[in-house]
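Undergrad: I would like the atomic coordinates for the input below:
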Amino acid sequence: MKKILLPIFLLVLISCSSRKETKTTPQADVPKALQDNKESNLISISKRKSYDRDLVEELYKEKMRSTPALQEIETLTDKLNDAENDSLEIYNDFKAKNQQYYSSASSHLNLIKDSSLKKEIENVIEKSTLAYNNKISGFEDLTTILNKKIGSADDRHSALMILISLGMMKEYQEKNMPSSKPIESVINDYNRLIQKMDSVINKNK
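TA: Predicted coordinates for the structure are as follows:
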């Protein structure tokens, strides 16, 4: 029985070895983010599992480095992010100090035992708070508009990253679709192996 089966397994081993030797190599122009065993300097992924990788961002950054129009967008985005923080810093500090003051004033108001005096001081605080809110209403409108613009730009940046990386993936798919021949070869080898096994089984029934 061993002598009969030996040629069968030799056939399988030879076929597998042949496929390894004739394995097709990837075509050229594959983005670094899609190359195997790459050492990408775009994003450090040495400690991240493959399914944690953000290929959209990796592909976009790779394309951006060779595309002046995208470089201009990223440069302007970075500048606006810095300008946004600078423009809001002074106002946010001013607003925080006023909020802290009125919170403290309310705590002190609650310490007043005289009800009539407490009501009088409460009215004074309310008038001051109303006047303050009127003074900053213009700033509040501007920050609302700014936040909407930031959100709109963020949405477009995400859309841009997706569309750019999709174009790269489409080109990769068109140029690097693997051949089906290795799989078909394995299927054919299994068919031959099964036939030979069935032959041996039938002879030994």
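Undergrad: so which elements touch whichever strand or helix holds residue 183?
TA: Using DSSP states H and E, residue 183 falls within helix 181-203. Applying 3 or more CB pairs under 8 Å, 6 or more residues apart in numbering; DSSP states H and E, one finds that helix 181-203 contacts helix 2-21. For every residue, glycine as well, the C-beta is placed using N, CA and C.
Undergrad: report the buried residues of the helix holding residue 183.
TA: By neighbour count on 16 or more other CB atoms under 10 Å, the buried set for helix 181-203 is 185, 189, 196.
Undergrad: over to stretch 158-166?
TA: 161, 164-165.
Undergrad: go through those and name the one nearest residue 131.
TA: Nearest to residue 131 among these, counting by CB to CB, is residue 161 at 46.1 Å.
Undergrad: shouldn't that closest one be in contact with residue 55?
TA: No. With contact defined as CB atoms under 8 Å, residue 161 does not reach residue 55; the gap is 10.5 Å.
Undergrad: can you show me the helices along the protein?
TA: 2-21, 55-64, 68-109, 115-176, 181-203 (DSSP state H).
Undergrad: orientation of the third one relative to helix 55-64 in degrees?
TA: Read that as helix 68-109. Inter-element angle recorded for helix 68-109 and helix 55-64: 130 degrees (by axes from the mean of the first three to the mean of the last three CA atoms, to 10 degrees).
Undergrad: what is helix 68-109 packed up against?
TA: Against helix 68-109 (3+ CB pairs under 8 Å, 6+ apart) you get helix 55-64, helix 115-176.
Undergrad: for residue 82, which of those is the nearest?
TA: Taking the helices and strands packed on helix 68-109 one by one with CB to CB, helix 115-176 is closest: 12.8 Å.
Undergrad: now do that closest one, average pLDDT.
TA: Helix 115-176 carries an average pLDDT of 96.
Undergrad: picking that back up, adding pLDDT and distance to residue 128, write the buried residues of helix 181-203 out as JSON lines.
TA: Output for those, formatted as JSON lines (pLDDT from 0 to 100; distance: CB to CB, whole Å):
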{"residue": "185", "pLDDT": "96", "distance to residue 128": "85"}
{"residue": "189", "pLDDT": "96", "distance to residue 128": "88"}
{"residue": "196", "pLDDT": "94", "distance to residue 128": "96"}
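Undergrad: got the confidence number for the residue sitting nearest the centre point of the chain?
TA: Closest to where the C-alpha atoms of the chain average out (CA atoms, centre = their mean) is residue 54, at 4.3 Å. pLDDT recorded at residue 54 is 93.
Undergrad: contacting residues for the nearest residue to residue 56 once chain neighbours are set aside?
TA: In space, residue 56 comes closest to residue 165 once its chain neighbours are excluded; the distance is 4.6 Å by CB to CB, 6 or more residues apart in numbering. By CB atoms under 8 Å, 6 or more residues apart in numbering, the contact set of residue 165 is 55-56, 59-60, 63.
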